[in-house]
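Chemist: Here's my sequence, what's the structure:
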Amino acid sequence: MKKIIIASFILTCTATFAQVIIGGNGGTAPAGSKTAVLLEFEAGQNKGLILPYVRTLPTSPNVTPGTIILDASNQTKAKVKYYAPGNTTADANGWVDLSNNNEADISTVMLAQPVEVTEDTSSKAVIGATSSPVRGVLVLESTTKAMVLPHVASTDDVKDPAPGMMVYINKTGAKRLAVFNGTKWTYWAP
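Modeler: Reported below is the predicted structural model:
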């Protein structure tokens, strides 16, 4: 029932081009910045956003720059990656490793994931537009708005993190992006 309610909410927000706040009605963006946000998460939840697990890395032209996934093509060496062709740290296929060469064995977790999925590429949630040519499960379309990741004070506050989880650590002197590959958190600071 919760999935139906959430799907209905996202579809309603998509149709009206509204901002979406998951987990509450306040979010984490300051009141004066709300017009710059498409998607955000309620503060104080100590939860993260879980990326899609991908058994086969998509390749151009079937992937869009900015795509972020958990690469489970080798389940014993899973990594969080994002697609940035032309980036100096990208591999030959355009993927950048956000796990900082740390690999995770997620084979046990993958047992609970569907093995054969027939993807309906037209089935997706789009926020910020009525449609999008971009492939993805959740597509945020905007030239002026962004997504604000779930905020936590520390990754220690996230109980039982799942492989592919992303959070933003919002702590004085330690603000940074954190990604969990299934074994280890990797931290990215500006």
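Chemist: Against Ala78, how distant is the most centrally placed residue in the chain?
Modeler: The C-alpha lying nearest the average C-alpha coordinate of the chain belongs to Leu51 (C-alpha atoms, centre = their mean; 4.5 Å). Distance of Leu51 to Ala78, given as C-beta to C-beta, to the nearest Å: 11 Å. Glycine gets a C-beta too; all of them are placed from N, C-alpha and C.
Chemist: who touches both of these two?
Modeler: Counting by C-beta atoms under 8 Å, 6 or more residues apart in numbering, the common neighbours of Leu51 and Ala78 are Leu70.
Chemist: before we move on, back to that, can you name the residues that contact the residue nearest to the centre of the chain?
Modeler: Leu51 makes contact with 68-70, 80, 164-166 under the criterion C-beta under 8 Å, 6+ apart.
Chemist: so Gly48 makes contact with Pro150?
Modeler: Yes - with contacts defined as C-beta atoms under 8 Å, Gly48 counts as touching Pro150 at a distance of 5.3 Å.
Chemist: Ser132 against Leu138, yeah?
Modeler: No - taking contact to mean C-beta under 8 Å, the distance of 10.4 Å between Ser132 and Leu138 leaves them out of contact.
Chemist: so which strand or helix has Ser179?
Modeler: You called it Ser, but residue 179 is Val. Counting by DSSP states H and E, the element that carries Val179 is strand 176-180.
Chemist: again but with Val126, I slipped
Modeler: Secondary structure assigned from DSSP H and E places Val126 in strand 125-127.
Chemist: tell me the mean pLDDT over that strand?
Modeler: Averaging the model's pLDDT scores along strand 125-127 yields 89.
Chemist: what are the pairing partners of the helix or strand Val96 falls within, and which direction each?
Modeler: Applying DSSP H and E as the criterion places Val96 in strand 95-97. The strands that strand 95-97 pairs with in its sheet are strand 79-83 (antiparallel) (by DSSP bridges).
Chemist: quick revisit: which secondary structure elements does the strand holding Val126 sit against?
Modeler: Judged by 3 or more C-beta pairs under 8 Å, 6 or more residues apart in numbering; DSSP states H and E, strand 125-127 is in contact with helix 2-16, strand 138-140.
Chemist: what residues do Gly48 and Pro150 have in common as contacts?
Modeler: Residues touching both Gly48 and Pro150 (C-beta under 8 Å, 6+ apart): 166-167.
Chemist: re earlier: of the contacts of Leu51, which pair is most distant in space?
Modeler: Farthest-apart pair in the contacts of Leu51 is Ile69 and Met165; separation 12.6 Å (C-beta to C-beta).
Chemist: Next step: the contacts of Leu51 restricted to strands.
Modeler: Within the contacts of Leu51, membership in strands is found for 68-70, 80, 165-166, as judged by DSSP state E.
Chemist: Pick out whichever of the residues you listed sits closest to Glu103.
Modeler: Looking at the ones in strands among the contacts of Leu51 and their distance to Glu103, the nearest is Val80, at 10.8 Å (C-beta to C-beta).
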